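Engineer: attaching a predicted model along with its sequence, questions to come.
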Amino acid sequence: MSDGLAGRVALVTGGARGIGAAIVRALWEHGASVVVADNGTEIDGRGEDSNLANEFAASFDDRVVAFTANLAEAGAPRHAVELAVSSFGGIDILVNNAAIIRDAFTFKAQLEDFEDVLENNVTAAFEAIRTATGLMRDQAKAGRGGERYRWGRIVNIVSTAGFYGNFGQAAYASSKAALFGLTRVVAHDMARSVVAVNAVAPFGATRVTESIQPQNDAQNAYKKQALGIDAAFVGRFVAFLASDEAESITGQLFCVRGAEVMLFSQPRPIARFTLDGNASHGDMAREVQKLSAAFTPLETDLEAFSHAGVS
């Protein structure tokens, strides 16, 4: 394994198990020092177990430390970034992976659950980004790591649920779609500081996958396949995005499904018509019908990826 990330400091939220743990291991194997931020909560965000992150960090050498506060609490994301700086001297790689889910059909969902999911999955990520990017700008001006700063990376772990939609995942899908929107904005904001910002939608055997309640045969096939995918592939790709070789890659949306890595398109105009000032609803219906061949089918992400991936 190369030491191409030696000297760099990473913070990985939700890093003590599943995809987060795979990312921590890959970054560490390539030489980075890593703060593992994980309060050991259940998948619904309830309960805590600080032993999880402490024991996981203890399985490495002194280049990995644990941060066990709840990132949804005010100030916690900032304290996690500060721990990276006080422990290892800076912050170069931020991976926002922590997520909770509280699924319910929209007509049965509770507002409190929706707010808690966004607080954990989006607001905490924003607070970590807000703190880290200020420091990365200072590091760029100071020439950390060389004459020109090349180490700054932010990777947001999103979900295809945020782009396809899925039954009963209003909160989770909304949070992941928001996280991708945040990815694009931060990529613009940090371009002058040469900090690359990307999003990765992962597939793998995780607690989120285990929690899927299939609504049809296609979704059942998806769950069965996803539970057989090693999360290590995601870790390896995120480590690549943190490397010098990925310096110019920013603002992109990738998907990693085992050995298969996909670049996703992003919403842009694909068809259009001009609207006459006197157009009736009937006129508009005829024009919209002309666009119907380009409509996006109403399929869930689980149905879209129910087939076997490329190996």
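Structural biologist: Arrived safely. All values derive from a computational prediction rather than experimental measurement.
Engineer: how many residues are close by the nearest residue to Glu82 once chain neighbours are set aside?
Structural biologist: In space, and not counting its chain neighbours, Glu82 is closest to Thr131: 7.7 Å by CB to CB, 6 or more residues apart in numbering. (Each C-beta comes from the backbone N, C-alpha and C, glycine too.) Close neighbours of Thr131, defined as other CB atoms under 10 Å, add up to 22.
Engineer: likewise Asn220?
Structural biologist: Other residues lying near Asn220 total 15 when counted by other CB under 10 Å.
Engineer: I figured it hits Leu227, correct?
Structural biologist: No - if you go by CB atoms under 8 Å, Asn220 and Leu227 don't touch, sitting 11.2 Å apart.
Engineer: ok, back up a step: what's next to the helix or strand that contains the residue nearest to Glu82, contact-wise?
Structural biologist: Assigned by DSSP states H and E, Thr131 falls within helix 124-142. By CB atoms under 8 Å, 6 or more residues apart in numbering, the list of residues contacting helix 124-142 from outside reads 11, 13, 71-72, 76-78, 80-82, 85, 90-92, 94, 96, 98, 145, 149, 151-152, 154, 156, 179, 182, 186, 189-190, 193-195.
Engineer: PyMOL command for the buried members of the residues you listed?
Structural biologist: Applying 16 or more other CB atoms under 10 Å to these, the buried members can be selected in PyMOL as follows:
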select buried, resi 11+13+71+72+76+77+80+81+82+85+90+91+92+94+96+98+145+149+151+152+154+156+179+182+186+190+194+195
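Engineer: among the contacts of helix 124-142, which are located in helices?
Structural biologist: Counted as lying in helices by DSSP state H, out of the contacts of helix 124-142, are 76-78, 80-82, 85, 179, 182, 186, 189.
Engineer: who's in contact with Ala205?
Structural biologist: For Ala205, the contacting residues are 18, 226-231, by CB under 8 Å, 6+ apart.
Engineer: identify the farthest-apart pair in these.
Structural biologist: For those, the farthest-apart pair by CB to CB is Gly18 and Gly228; their separation is 14.4 Å.
Engineer: and these two? which has more neighbours close in?
Structural biologist: Taking other CB under 10 Å, Gly18 and Gly228 do not tie; Gly18 has more neighbours (22 against 10).
Engineer: please name the nearest non-neighbouring residue to the more buried one.
Structural biologist: Here the residue nearest Gly18, using CB to CB, 6+ apart, is Thr206, at 4.1 Å.
Engineer: now do that neighbour against Ser280, distance only.
Structural biologist: With distances taken as CB to CB, to the nearest Å, Thr206 is found 51 Å from Ser280.
Engineer: that'll do, ta.
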